[in-house]
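> only geometry, no sequence info:
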């Protein structure tokens with residue numbers, strides 16, 4: 001027997017289910033528990049490129065889908081942003097990179113929707129509490145190649161690779177959930193870094209903050225996936 005609530009759940013799009021999970025967890029305004037993180041990962045892992053309006057090849061030329069391999073510049077597809085979290089997709093052509101950058105006081109979940117990516121990620125050895133850190137010694141926690149399909153990744157405010165970079169080895173798309181979003185006003189700016197490996201200590205590097213790279217250009221593209229139903233009209237900043 002299918003109840004009304006079960007039927008309603010079955011009718012929801014996968015991106016709507018991800019949004020609902022994010023709203024339920026991140027509206028609590030406290031660090032999520034491991035159980036909540038696993039629930040978010042489960043919902044994120046279900047989302048595929050077609051669920052957010054992207055087809056890697058789009059051989060039929062559908063105007064309702066963005067052709068992933070037709071994207072020639074780093075492109076960001078904005079899905080949703082509110083005070084508590086944001087959802088969006090980075091599409092990268094082969095050979096392009098999102099340089100080393102941090103996520104101050106954020107929890108971030110990412111899933112590679114298609115493609116192959118080299119990921120490098122660091123955590124600070126010593127964390128300063130007063131303001132976002134822009135210089136110091138960091139330990140490499142990830143330095144490897146990831147190919148879709150693979151398990152979503154999670155980083156926390158002070159662990160899991162909070163400072164990371166993505167280099168597209170093939171055309172790829174990465175679905176990101178950030179909580180809370182970047183905000184200059186609330187002390188969560190995005191800082192870029194140069195890493196200087198320490199030869200005498202393999203796996204460690206000195207990180208030095210730098211300005212936004214001049215050659216980093218991120219274009220915007222419309223979201224063509226299923227529309228989201230928000231918990232209240234005031235939440236969406238879209």
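Nice, I can see it. Keep in mind that what you see is a predicted model, and the values were worked out from it rather than measured.
> middle-most residue in the chain, spatially?
When C-alpha atoms, centre = their mean is applied to the chain, the residue found nearest the centroid is residue 176 (2.3 Å).
> so where does that one fall, helix or strand?
Per DSSP states H and E, residue 176 falls inside strand 172-179.
> in its sheet, what does that strand sit against?
Taking DSSP bridges as the criterion, strand 172-179 forms sheet pairs with strand 86-92 (antiparallel), strand 107-114 (antiparallel).
> pick the most buried one from the ones you listed.
strand 86-92 (a mean of 24; mean count of other C-beta atoms under 10 Å). C-betas here are computed from N, CA, C, even on glycine.
> can you pull the contacts of residue 206?
135-138, 195-196, 198 (C-beta atoms under 8 Å, 6 or more residues apart in numbering).
> after the helix or strand harbouring it, next one along is what?
Using DSSP H and E, the element containing residue 206 is strand 204-210. Where DSSP H and E defines the elements, the next helix or strand beyond strand 204-210 is strand 219-221.
> ok so, going back, so how far is residue 29 from the nearest residue to the residue nearest to the centre of the chain once chain neighbours are set aside?
Spatial nearest neighbour of residue 176, chain neighbours left out: residue 110 (5.2 Å); criterion: C-beta to C-beta, 6 or more residues apart in numbering. Note on residue 110: its distance to residue 29, by C-beta to C-beta, to the nearest Å, is 22 Å.
> residue 170 now?
39 Å.
> between the two, which one's more packed in?
Using other C-beta atoms under 10 Å as the criterion, residue 170 and residue 29 rank with residue 170 on top: 16 against 9.
> in a helix, that's where the more buried one is, yeah?
No. Going by DSSP: H, G, I helix; E, B strand; the rest coil, the assignment for residue 170 is coil, not a helix.
> how about the contacts made by it?
Per C-beta under 8 Å, 6+ apart, neighbours of residue 170: 94, 115-116.
> what does the one helix or strand residue 36 maps to contact?
Using DSSP H and E, residue 36 sits in helix 34-46. Among residues not part of helix 34-46, those counted as contacts by C-beta under 8 Å, 6+ apart are 14, 17-18, 21-22, 25, 32, 107, 109, 111, 151-152, 154, 175, 177.
> picking that back up, could the contacts of residue 206 go into JSON lines alongside secondary structure?
JSON lines is the format used below for these (three-state DSSP):
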{"residue": "135", "secondary structure": "strand"}
{"residue": "136", "secondary structure": "strand"}
{"residue": "137", "secondary structure": "strand"}
{"residue": "138", "secondary structure": "strand"}
{"residue": "195", "secondary structure": "strand"}
{"residue": "196", "secondary structure": "strand"}
{"residue": "198", "secondary structure": "coil"}
